[in-house]
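>>> Need coordinates for the below:
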Amino acid sequence: MNQMIIQVATTALAFLIFFWVSKKLFWTSILQTIEARQSRIRGEFNRIDELRAQVEALEANYKAKLSEIDAEARNRMQEAVAHGRDLAEEIAETSRREANEALERNKQIIAIEMEKAREVLRQEVVEMTLTATDKIIKERLDDSKHRQLVSGFVEELGRK
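As a prediction, this is how the structure comes out:
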């Protein structure tokens, strides 16, 4: 039993010496390696968080730009529609004005042609009247002959 206690004590003393030597030689380098690794891992996580924040900022910026582009596109579309309406109104107004001018020109031409036709008709009536009067004067007619000439004159007027 004594020997067992000595053996346990010797083993414990050897273990403590081994522990102290291991601690002096290996423990600090192991702790430094572990701390360096933890520091590197913390740095990577921080870098990941920074990258995530940058990605979120870029995404928000991208969404804002898309919103601006959509608004600009809507504005340009509305401007184009308004410009198209203005252009259509201008074309319609020009067409109306030109149509009214053409109508007025045509009315004037018709009035001139009507006046010419009236003048020609007047001249023909005068010519016929003169012709009929000339015939009546050349022939002294009796009443029946006179009626016959006037009837012929009226029929001739009807034909012309």
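>>> only C-alpha atoms for contact and neighbour calcs from this point on.
Noted.
>>> mean confidence score for stretch 106-116?
For stretch 106-116, mean pLDDT is 91.
>>> do stretch 71-80 as well
The average pLDDT for stretch 71-80 rounds to 93.
>>> just how off-centre is it within its chain?
Stretch 71-80 sits 7 Å away from the centroid of its parent chain (C-alpha atoms, centre = their mean, to the nearest Å).
>>> Stretch 89-99 too?
23 Å.
>>> Ok, stretch 91-103 next?
That offset, for stretch 91-103, works out to 27 Å (C-alpha atoms, centre = their mean).
>>> buried residues in stretch 51-63?
Across stretch 51-63, burial judged by 16 or more other C-alpha atoms under 10 Å covers no residue at all.
>>> Could you number the chain from 42 rather than 1 from now on?
OK, 42 is where the count begins now, so the last one is stretch 92-104.
>>> then it to PDB, C-alphas only?
In PDB, the C-alpha atoms belonging to stretch 92-104 read as follows (Å, rounded to 0.1, in the frame of the first residue of the first chain):
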ATOM      1  CA  LEU A  92     -20.200  43.000 -47.500                       C
ATOM      2  CA  ARG A  93     -23.800  42.200 -46.600                       C
ATOM      3  CA  ALA A  94     -24.300  45.900 -45.600                       C
ATOM      4  CA  GLN A  95     -22.700  47.000 -48.900                       C
ATOM      5  CA  VAL A  96     -25.000  44.600 -50.900                       C
ATOM      6  CA  GLU A  97     -28.100  45.900 -49.000                       C
ATOM      7  CA  ALA A  98     -27.000  49.500 -49.700                       C
ATOM      8  CA  LEU A  99     -26.400  48.600 -53.400                       C
ATOM      9  CA  GLU A 100     -29.800  46.900 -53.600                       C
ATOM     10  CA  ALA A 101     -31.500  49.900 -52.000                       C
ATOM     11  CA  ASN A 102     -29.700  52.200 -54.400                       C
ATOM     12  CA  TYR A 103     -30.600  49.900 -57.300                       C
ATOM     13  CA  LYS A 104     -34.300  50.000 -56.300                       C
END
